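Asks: Coordinates only, no sequence provided:
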DNA sequence: CAGCATCCGCTTTGATACTG
DNA sequence: CAGTATCAAAGCGGATGCTG
């Protein structure tokens, strides 16, 4: 990329990951794990295919990602984060935490992927009563459900349905985010189309108090 | 800027602060406090003046910074971070922590400003024996000295000379960073031109162990 | 089909000059 | 001091084509 040519830790970091799309590529690899080129391309709506190829080259030469020839049955190239690339996790988390409040005013043109919801939920919400038995909430905002679980005072998210969820939230992602982050009351969200099934009282447990920092992977 | 048009917390954040120069402007305002246009311009070597003006407009319209007409004796416009802009501190710190290891291989063409050193030092170094009496180290890497102090287990930095420093380090910034982060031995650094005055043993106290997270402002 | 490279029109950036 | 104005160069996005 174009370097800032400044002897400064911030500038040096931005020299490596400041280019357009770079941090979103890291986001995809963090959320999805090792990925094929085509899957990255589909997880990054709007990127030109030549730019994706170029960015992957740059990130590889900077030691952020590595490519790996997977044997059958995959039989294709996989891109994965290196240990150094994984260290960008805290940066991604801070970006997600700062951006969570922006999620309540979505743009009409915005593209949405289910897995993207995991970040604001995990980072902005915390378990206020960690001593009570764990709760499980299933979020249905699109094609694939997401499961939110409390575990030892932390909030974890993972793709897929839950076995025995205490609560199921179905509706537009901004309604789900609004309710989970406490920016939207349950009454208002319901009036705007959110549907709930199960025990909605567990929601008071997951509210932004002192947000958790650098939660575990998952 | 050009939006990613993705309903994702990371993408939304980058829509606001992902443009080139934006985070470095925030860096300057964090390190220097409220600043005049000219001082920002001189603290951001390489930025075109039209770009600085445009970025300041963008950041203001996004609620990150505010401009303020200061009365005499300043009698000019000051740019300062809003509370929302101050919340970017954690992002800046994570960027600085990640970039600190890159500081040992400087480029010949890199520009340097004394205050930039504060970030990697404060973020990458911690006090291993917080119960012992505090130590003070003065860094002389350019025109203006920087003071490093331990206080209740945290490491603080501030511009200016120290009253009674335990140690004074004089030399190129990469030597100072290398020694403080433990990437360079004192012997090697001295051989490359680092000069020390005082009790060099206090350096073993300030080494990267479990790096401190989100230290207080200062 | 997966993983690119090439071409092209548009936008953004950087350098410089100029202004209230 | 605090910007605007201008313009060449680089970067980006979209379409398309190539190769295993």
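Replies: Happy to help now that I have it. Keep in mind that what you see is a predicted model, and the values were worked out from it rather than measured. Numbers count the residues shown, from 1 in each chain, chains lettered A, B, ... in the order given.
Asks: what does chain A put close to DNA strand D?
Replies: With C-beta under 7 Å from any atom of the strand as the criterion, chain A meets DNA strand D at residues A:1-2, A:19-21, A:46-51. Using the backbone N, CA and C atoms, a C-beta is placed for each residue, glycine as well.
Asks: Distance across stretch A:166-183, terminal residue to terminal residue?
Replies: Distance between the boundary residues of stretch A:166-183 (C-alpha to C-alpha, to the nearest Å) amounts to 21 Å.
Asks: just stretch A:68-79 next, same as before
Replies: Its first and final residues considered, stretch A:68-79 spans 6 Å by C-alpha to C-alpha.
Asks: near DNA strand C, anything from it?
Replies: Yes: judged by C-beta under 7 Å from any atom of the strand, stretch A:68-79 and DNA strand C are in contact via A:76-77.
Asks: Excluding chain neighbours, what is closest to residue A:105?
Replies: The shortest distance from residue A:105 to any residue other than its chain neighbours is 7.8 Å, reached at residue A:174 (C-beta to C-beta, 6 or more residues apart in numbering or on different chains).
Asks: now the helix or strand hosting the one you found, how far from the centre of its chain.
Replies: For residue A:174, the element it lies in under DSSP states H and E is helix A:173-180. Distance, stretch centre to chain centre, for helix A:173-180: 14 Å (C-alpha atoms, centre = their mean, to the nearest Å).
Asks: One more: stretch A:125-141?
Replies: Averaged C-alpha coordinates place stretch A:125-141 at 17 Å from its chain's average position (C-alpha atoms, centre = their mean).
Asks: For the helix holding residue A:174, which helices and strands make contact with it?
Replies: helix A:118-124, helix A:186-191 (3 or more C-beta pairs under 8 Å, 6 or more residues apart in numbering or on different chains; DSSP states H and E).
Asks: Most tightly packed of those?
Replies: Ranked by average neighbour count under the criterion mean count of other C-beta atoms under 10 Å in any protein chain shown, these are headed by helix A:118-124 at a mean of 25.
Asks: Residues in contact with stretch A:101-112: which ones?
Replies: A:45-46, A:120, A:124, A:141-142, A:173-174, A:177-178, A:181, A:183-184, B:3, B:5-9, B:12-13, B:16 (C-beta atoms under 8 Å, 6 or more residues apart in numbering or on different chains).
Asks: Ok, stretch A:68-82 next?
Replies: Applying C-beta under 8 Å, 6+ apart, the contact partners of stretch A:68-82 are A:26, A:29-30, A:33-37, A:40, A:56, A:63-67, A:88.
Asks: filter those residues by proximity to DNA strand C?
Replies: Intersecting the contacts of stretch A:68-82 with the contacts of DNA strand C gives A:36-37, A:56, A:67 (criterion: C-beta under 7 Å from any atom of the strand).
Asks: Who wins on neighbours among those?
Replies: Counting neighbours by other C-beta atoms under 10 Å in any protein chain shown, the top entry in those is residue A:56, with 20 neighbours.
Asks: Can you name the next helix or strand after the strand or helix carrying it?
Replies: In the assignment (DSSP H and E), residue A:56 maps to helix A:49-61. Per DSSP H and E, helix A:49-61 leads on to strand A:65-69 as the next helix or strand towards the C-terminus.
Asks: Give the rounded mean pLDDT of that next one.
Replies: The average pLDDT within strand A:65-69 is 92.
Asks: Check stretch A:204-214 too.
Replies: Stretch A:204-214 carries an average pLDDT of 67.
Asks: just the helices in chain A please.
Replies: A:9-17, A:22-32, A:37-43, A:49-61, A:83-86, A:89-99, A:118-124, A:173-180, A:186-191 (DSSP state H).
Asks: Appreciated, that's everything.
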